[in-house]
Structures are given as structure tokens and as C-alpha cells.
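> Below is the structure, and that's it, no one-letter string:
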């Protein structure tokens, strides 16, 4: 309840307190002031109940509207979230020869120790065969998708910030300002600066454990955002992992409720 709505309640409480004070102050049971103060107290209690009930109805309706718009905001993040998941899934898939002996059901299941260990061997100079029509290296693919994802979060926050809960806004800001994203955007300049020292002909961006740790923290935020998304959309729109994802060589269609 905001401060403007508290003022009527404060006035009613003060009037009610005054009526009780007068009632108990006057000892004469036959005094008309004593009777009048009790009648006024009863009227004020009635008004208080009516005002409180109306405010509750208004608050409930406003909360329903807020949740509806919050759900719309998250639905607009559906495609960006799916694309971001496919980015990391395709990176992981490119480093393994067969599906790990593990059941993957939810997005956080992907981000285990095997995931981070395998990504240490990904050569970001190699071609990223994620779409037949897309000729790009893993470095280009990573940078492009991260830029688009960050832009999507910024647009959602700008448009729906009044309807998102503070913890959701904080989560999105943590993702946008993630050190891992900063590293991805600065990687070309950093690589160019240190290019003379690289004579192997490969580019293992995630070879160093410190960088993989940044990715680990970033994926924790991403997994939390997926969880918040699933909590706010219908069952048909929830994002889950299906077993047949491993057999796809290109990005699956994004219309179904399962990845």
C-alpha cells in the first residue's frame, strides 16, 4: 500500500481513537457525549471495513494486471532465451563425440561440470555449423548471439520495468552487466592485442579456468532466468529439454514447448 492510500486509514484511526478516548474519559453512563462517541466509533469501524475491502479488491485487480503484463514480458523473452540456450548447447555438442550418459530434462541440467570441462577444448576459430545458411566461426556466433540477447533484455526492461518484480529486474541487470558478457564483447580486441603470442593457429577462448568460472557464474544467472520464465507462463509455453534435441544438427523450431 503506497503512502497516498495510507492517509485515509490514518484519519480513520485517529477519529476512532478519539471516540474511544472520549467514551472511556467520561464516567457518567447517561452522558449523551459518551453514547454519541460510541455510535461514532461504530460508524467509523464500518467505514474502515468498507474502505479496506474496496482497497483489497483494487489491489488484487492491480496485481492480476501486473502479473498478466509480467507474463507478456517473459513471453517476449521466449525466443531470445531459446536462442541463448541453443548457443551453449551447440557449443557443448561440438566438443563431444556422443551424448553423455545423463538425463537432461531442464535447462540447468546442461550446465554441469562436464559442460565446462568440454568447452575448454572448443576452438573458436572453427566454423560453427549451426545453420546451413550461416557461415561464421564460433567466436562470431558467440558474439552475435550475446549481443542480441543483451539487447532483448534491455528492451524488455525498458518496456515492462513497471510490471516486473524488483528481483527480476536485478537478475536481468546482473546478466546484462555480467563479466562474461564483457569478456565476450572485448575478446576480439584482447585477442588482437595478444595475437603475436598465439602461434598454435587455434583460439581456445575458454581454455583458462578463470574464464570458464566467469561462464559458470553467467550460466547460473541464465538458468535462474529460465526458471523464472517457467514460473510465469502456461504449461504449454514452458521450456523443457527433450531427448531428440541431441539428434538435431541445426536449430530446432521454436514453436513447441519443449526444446
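That came through, no problem. Owing to the predicted nature of the structure, the values given are computational and were not obtained by experimental measurement.

> All the helices of the stretch 101-250 of the chain, residue numbers only.
Assigned by DSSP state H, counting those that start in this stretch, the helices in the stretch 101-250 of the chain fall at 113-119, 138-160, 166-176, 179-193, 209-232.

> Can you tell me what sits against the second one?
The set of residues that contact helix 138-160 without belonging to it, under C-beta atoms under 8 Å, 6 or more residues apart in numbering, is 69-70, 72-73, 76-77, 80, 83-84, 87, 90-91, 94, 122-128, 130, 134, 136, 164, 169, 172-173, 175-176, 181, 184-185, 187-188, 203, 205. In this view, the C-beta of every residue, glycine as well, is placed from N, C-alpha and C.

> ok, 7 Å please
69-70, 73, 76-77, 80, 83-84, 87, 91, 122, 124-126, 128, 130, 169, 172, 175-176, 181, 184-185, 187, 203, 205 (C-beta atoms under 7 Å, 6 or more residues apart in numbering).

> before we move on, what about the fourth one?
In this structure, residues lying in contact with helix 179-193 by C-beta under 7 Å, 6+ apart are 139, 142, 143, 146, 150, 203, 205, 211, 214, 215, 217, 218.

> which of the residues you listed count as buried?
With burial judged by 16 or more other C-beta atoms under 10 Å, the buried subset of the contacts of helix 179-193 is 139, 142, 143, 146, 150, 203, 205, 211, 214, 215, 218.

> Turn those into CSV, columns for pLDDT and distance to residue 244.
Listed next are the buried ones among the contacts of helix 179-193 as CSV, based on pLDDT from 0 to 100; distance: C-beta to C-beta, whole Å:
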residue, pLDDT, distance to residue 244
139, 91, 29
142, 94, 25
143, 93, 29
146, 95, 27
150, 96, 30
203, 83, 32
205, 89, 29
211, 94, 32
214, 96, 32
215, 96, 26
218, 97, 27
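
> I'd like to know which of those is nearest to residue 14.
residue 150 (51.7 Å; C-beta to C-beta).

> so how far is residue 176 from that closest one?
Plainly put, residue 150 is 6 Å away from residue 176 if you go by C-beta to C-beta, to the nearest Å.

> Low-confidence regions, the stretch 1-150 of the chain specifically.
Applying pLDDT under 70 to the stretch 1-150 of the chain flags residues 1-7, 23, 29-30, 131-134.

> Sounds good, over and out.
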